[in-house]
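Trainee: just the structure for this:
(one chain, ligands or ions: 2)
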Amino acid sequence: MSSKRIVIKLGTSTITAGSAKISYPGLIDLARQVSILRQMGYEVIIISSGAIAAGRQILAQKDLPRQIPAKQMLAAIGQSKLMGIYTQIFGMYDLIVGQVLLTKDDLLDRRRYLNARNTLNALLSYRVIPIINENDTVATEEIRFGDNDNLSALVTNVLEADLLVLLTDQDGLYTSDPRSDPQARMISEVATEHIPEDLWQAAGGSVSGLGTGGMHTKLSAADLARKSGATVFIANGNTPDIIIKIVNGAARGTKFLPSNSTLESRKRYMLAGVQASTGILYIDPGAEKAIKKGGSLLPVGLVKIAGSFERGDIVRVRSAKLQEIAIGITNYSSDDLERIQGKNSTLIEDIVGYSYGDEVIHHNNMMLV
Ligand SMILES: Nc1ncnc2c1ncn2[C@@H]1O[C@H](COP(=O)(O)OP(=O)(O)O)[C@@H](O)[C@H]1O
Ligand SMILES: N[C@@H](CCC(=O)OP(=O)(O)O)C(=O)O
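Mentor: Ligands and ions are numbered 1, 2, ... in the order given. Below is the predicted model of the structure:
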């Protein structure tokens, strides 16, 4: 990678500047900053919410509907308007944009993950700015990201971006929601390997009637992106020149330092995939010790299996004390593992009728967390 990559996520609250309409001045200011970033040698990817808001604007709907099909309908109406505005405003700065609509499934299946990566890289190599949103019209409950914070972290992971900027209507992450707590203090930096529990408690949902996830989904996004090797910044999208200030190290906001250095492609994929996984393998202290020393996970160390999964799926590995130890790609389905748990690997073929190897997860397909 020759130039630095920045993923910028704009929430509905930023796209509308807190109103019921798409904010043209706000998007003009964004385009101007993106143009400057490009001159500074950065590649820029935008994750943009706002399709539902644009749909509401067109149909003059006052309130956000609760039902998913009604939101999907609004997104279908609004997405094309939103892209029209991006094309027009970015065009004023000679910037070409390309629409990319994704669902969760597109990034959790290895083949589609690689396809999405290829397309996004092709757009960037043509100096096009991808404008990404969730494909709301086809996304059912199971394949929904549900919030673009999560999608932005997965895109950061896929594109090996250096920086994820989450723009919202607050200056950053506070010790509690500043809308309801005047004593709330902003947290300026998170540098610990794991995000502290009190920050997870502090990060609440969205109350504005504009956004979806609130601060909690931004924290989950920050967690994934920093594990993927990126720096993350939560900042106020209404602050003038906010993105330029962030790259120049002069912005107010919450900065999360990366908790991992560059990760190889397979590990990045595992990190992305585990977000949707329901599979959990509970292991005994002997297996925990072996894994931590770089060994593979064998069936003899399995004490319990939770969730339903197939061979090749990404699963979590937890200790008997419920601590997350690793994630990895399983060689056996949950049904098979129920039958071989606690058994010596030499018995696998006798019990299930075939063998995909001695290991439940080979150490090459495992990542300690
Ligand atoms: N600890 C916190 N710090 C800052 N904001 C918080 C916190 N907890 C909850 N929030 C809420 O999260 C909102 C931002 O998320 P959201 O409404 O989803 O916006 P966006 O459209 O930008 O994604 C804020 O307006 C605030 O009310
Ligand atoms: N895909 C939806 C946005 C979903 C979403 O995450 O919204 P937000 O919390 O405002 O970033 C849309 O375009 O309206």
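Trainee: show me which residues of the protein are close to ligand 1?
Mentor: 11-14, 168-170, 173-174, 176-179, 202-204, 206-208, 210-215 (Cβ under 6 Å from any ligand atom). Any C-beta I mention is one placed from the backbone N, CA and C, and that applies to glycine too.
Trainee: now do the strands in the stretch 251-369 of the chain.
Mentor: Listed from the start of the chain, the stretch 251-369 of the chain has strands (DSSP state E, counting those that start in this stretch) covering 254-256, 280-283, 302-306, 314-319, 324-329, 366-368.
Trainee: JSON lines please, covering those and showing distance to ligand 2 and mean neighbour count.
Mentor: Shown next, in JSON lines, are these (distance: least, Cβ to the nearest ligand atom, whole Å; neighbours: other Cβ atoms under 10 Å):
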{"stretch": "strand 254-256", "distance to ligand 2": "17", "mean neighbour count": "23"}
{"stretch": "strand 280-283", "distance to ligand 2": "27", "mean neighbour count": "22"}
{"stretch": "strand 302-306", "distance to ligand 2": "29", "mean neighbour count": "18"}
{"stretch": "strand 314-319", "distance to ligand 2": "24", "mean neighbour count": "22"}
{"stretch": "strand 324-329", "distance to ligand 2": "25", "mean neighbour count": "21"}
{"stretch": "strand 366-368", "distance to ligand 2": "27", "mean neighbour count": "20"}
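Trainee: for ligand 1, see how far away the residue nearest to residue 240 when sequence neighbours are not counted is.
Mentor: Once flanking residues are discounted, residue 240 sits nearest to residue 29: 7.3 Å by Cβ to Cβ, 6 or more residues apart in numbering. With distances taken as Cβ to the nearest ligand atom, to the nearest Å, residue 29 is found 16 Å from ligand 1.
Trainee: residue 358 contacts residue 348, doesn't it?
Mentor: Yes: taking contacts as Cβ atoms under 8 Å, residue 358 lies within contact range of residue 348: 7.2 Å.
Trainee: neighbour count winner among these two?
Mentor: residue 348 (24 against 15; other Cβ atoms under 10 Å).
Trainee: how far away is the closest residue to the more buried one other than its chain neighbours from residue 253?
Mentor: Leaving aside its sequence neighbours, residue 348 sits nearest to residue 355 (Cβ to Cβ, 6+ apart; 4.7 Å). According to Cβ to Cβ, to the nearest Å, residue 355 and residue 253 sit 52 Å apart.
Trainee: and if you look at residue 147?
Mentor: Residue 147 sits at a distance of 19 Å from residue 253 (criterion: Cβ to Cβ).
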